[in-house]
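Engineer: Here you go, sequence then predicted model.
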Amino acid sequence: MGTKIKIFDTTLRDGTQGEGISLSVEDKLKIAQKLDELGVSYIEGGWPGSNNKDIEFFIRVKELGLKQAKVTAFGSTRRKDTLPENDANLNRILEVGVQAAAIFGKSWDFQVHTAIQTTLEENLAMIYDSVRYLKSRGLEIIYDAEHFFDGYKSNPEYALATIKKAEEAGADWIALCDTNGGTLPHEISEIVASVRRAVKCPIGIHAHNDCEVGVANSIAAVMAGATQVQGTINGYGERCGNANLVSIIPNLQLKLKYDVISDEQLANLTNVARYVSEIANMHMPMNQPYVGTAAFAHKGGIHVSAILRNSSTYEHITPELVGNKQRVLVSELAGQSNLVFKAQELGLDFNTNNQQTKQLIAQIKEMEHQGYQFEGADATLELLIRGAYGHLEEVFTLESFKIMVAKSEDQPVVSEAIVKVKVHGETVYNAAEGNGPVNALDNALRKCLMQYYPGLQNMHLTDYKVRVLDEKDTTAAKVRVLIESSDFQSTWSTVGVSENVIEASWQALVDSMRYALLSQTRAARQLKEQQREQVGLINH
């Protein structure tokens, strides 16, 4: 491995400034635990001087017993014309008892005159006093040079003077911030190189993604000598987001051979990215590099026949290195190779001359003709293949369901579903309300099954899409429903098609439950096998 690169994660602070993201203290604690397991060096938990929620986080995070990451508080330099010991913001950082602090100050003369409305000399004093004050209290200090690249392009002498003041005051790190996200990689390279010649302090990079080059800028900075990278999981952040650590980490480690995190931690990357997206209630793009469900997905038959021989024909890395997996999509474009691959993936003996196989292929083609789309519904396809080969237990069967929707003049619409299913030979009957018919069905079915399969409490729907297939038929048109589900460990998709949107939704919902139970049964079986092996080793 090459040079060690420290990862500074600001998902819990800068990430929460993204539109639509709001994290409770419990949410932040859960994410902090995952970040520590991933191997990041710093977790920026928030700004204790700005709100009580962040103060509570800093108090409670101590109970987690984090093994690797340093919990870091964020704050600004002292107010102008104020002594640091009298600055409430700086003292609040000391009060929460963190190991490290990230203090930001102005590097752009324009910002000094316009934003904080003081002199260039006073701004330098604010930087020096703040860093010196916190450093004298035993904290590790990361000085965030806000708007550094814009400041350098405007007035390089003053921009450099600001970070030299931070270094003089004892800063452990100087993080160069592309706060407006408008700098391009070649500029980052040149400016970071000049900074490395001007100061001895280790350099970090804090990039935003307003020009879609946040990841590229971070990599350019490292190649120019930066040894700390600041960013967020999945690129969350204000405006267009922060640099995406989920892409930065494997790029640095797998492509450029820097020492970032352990191989075991890297193999947990996909799990962490999806976990954080669930906690933040943000849909994760399918095509997100490295960790998206489509990152290693193959559709064309020629591609699939090639990866069956050697996966490197159409994959730039082995997916398992980042905890992802190869997927083969079955669609009208797919050849026989796609189904062969899927069956092999499931451990089935897939003989293309077998009568079962021929019937299955014919069934899939007919279902596609009806409007089913398996390329976005891997779970439904797996259930279909397993069922055709007799490898699928029928965990429950529907006897009936009813849905009632009521609306009164001054009240919102209320949906209630009554579901009757047979489980292990017993008839189970339950009712539940929901914020719509499908949600009510989901709640009622879950109540029926939970007493038999308590593991379903960890499974929930994350996305629901309806597409009209025959637009000319207007309200009588056939519809396709795609449901995405998750259990915090994995994500899967199911599909249903019908002229009735409730029927199509029910098909997709039932498949989602069946797949969740199949996965849990498989996981339990694997655990038992591991336990038996361990007992065998002990006895031996």
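Structural biologist: Arrived safely.

Engineer: is it true that residue 293 touches residue 327?
Structural biologist: Yes. Counting by Cβ atoms under 8 Å, residue 293 sits close enough to residue 327 to count as a contact (6.9 Å). The C-beta positions use only the backbone N, C-alpha and C, and glycine is treated the same way.

Engineer: Show me which of the two is the more surrounded one.
Structural biologist: residue 293 (23 against 18; other Cβ atoms under 10 Å).

Engineer: Relative to residue 279, how far out is the more buried one?
Structural biologist: Separation of residue 293 from residue 279 (Cβ to Cβ, to the nearest Å): 18 Å.

Engineer: repeat for residue 312
Structural biologist: To residue 279, residue 312 is 34 Å away according to Cβ to Cβ.

Engineer: More neighbours: which of these two?
Structural biologist: Between residue 312 and residue 279, residue 279 has the larger neighbour count (other Cβ under 10 Å), namely 20 against 11.

Engineer: Figure out the helix or strand that residue 402 lives in.
Structural biologist: strand 397-406 (DSSP states H and E).

Engineer: So residue 433 lies in a helix, does it not?
Structural biologist: No. Residue state for residue 433 (DSSP: H, G, I helix; E, B strand; the rest coil) corresponds to strand; a helix is not indicated.

Engineer: Report the central residue of the protein.
Structural biologist: The geometric centre of the chain, computed from its C-alpha atoms, lies nearest to residue 273 (Cα atoms, centre = their mean), at 2.8 Å.

Engineer: For that one, give me the pLDDT.
Structural biologist: Per-residue pLDDT puts residue 273 at 94.

Engineer: Helix or strand next in line after the helix or strand containing it, which one?
Structural biologist: With elements delineated by DSSP H and E, residue 273 resides in helix 269-279, which encompasses its position. Next along the chain after helix 269-279, taking DSSP H and E as the criterion, comes strand 297-298.

Engineer: how distant is that next one from the center of its chain?
Structural biologist: 20 Å (Cα atoms, centre = their mean, to the nearest Å).

Engineer: With stretch 489-498 instead?
Structural biologist: Counting by Cα atoms, centre = their mean, stretch 489-498 is centred 19 Å from the centre of its parent chain.

Engineer: ok, back up a step: the residue nearest to the centre of the chain: what's it in contact with?
Structural biologist: Residues near residue 273 by Cβ atoms under 8 Å, 6 or more residues apart in numbering: 233-234, 246, 284, 288, 291.

Engineer: now it: how far from residue 325?
Structural biologist: Using Cβ to Cβ, residue 273 is found at 14 Å from residue 325.

Engineer: same question, residue 142
Structural biologist: Distance, residue 142 to residue 325, by Cβ to Cβ: 36 Å.

Engineer: Those two: which has the busier surroundings?
Structural biologist: Between residue 142 and residue 325, counting by other Cβ under 10 Å, residue 142 is the more crowded of the two (29 against 15).

Engineer: Is the more buried one in a helix, a strand, or coil?
Structural biologist: Classified using three-state DSSP, residue 142 is strand.

Engineer: wait, it sits on residue 177?
Structural biologist: No. If you go by Cβ under 8 Å, residue 142 and residue 177 don't touch, sitting 10.9 Å apart.

Engineer: what bits of the protein have low per-residue confidence?
Structural biologist: Residue ranges of the chain with pLDDT under 70: 1, 299-305, 307-308, 328-342, 344-353, 375, 470-476, 488, 520-540.

Engineer: and with 50 instead?
Structural biologist: Per-residue confidence for the chain (pLDDT under 50) gives these ranges: 332-334.

Engineer: which strands and helices sit next to the helix or strand hosting residue 123?
Structural biologist: Using DSSP H and E, residue 123 falls within helix 120-136. Contacting helix 120-136 under the criterion 3 or more Cβ pairs under 8 Å, 6 or more residues apart in numbering; DSSP states H and E are the following elements: helix 88-95, strand 100-106, helix 109-114, strand 140-146, helix 156-168.

Engineer: Now do the buried residues in the last one.
Structural biologist: Read that as helix 156-168. Residues of helix 156-168 classed as buried: 158-167 (neighbour count, 16 or more other Cβ atoms under 10 Å).

Engineer: could you dump the residues you listed to JSON lines with distance to residue 382?
Structural biologist: Output for the buried residues of helix 156-168, formatted as JSON lines (distance: Cβ to Cβ, whole Å):
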{"residue": "158", "distance to residue 382": "61"}
{"residue": "159", "distance to residue 382": "56"}
{"residue": "160", "distance to residue 382": "59"}
{"residue": "161", "distance to residue 382": "62"}
{"residue": "162", "distance to residue 382": "57"}
{"residue": "163", "distance to residue 382": "55"}
{"residue": "164", "distance to residue 382": "60"}
{"residue": "165", "distance to residue 382": "60"}
{"residue": "166", "distance to residue 382": "55"}
{"residue": "167", "distance to residue 382": "57"}
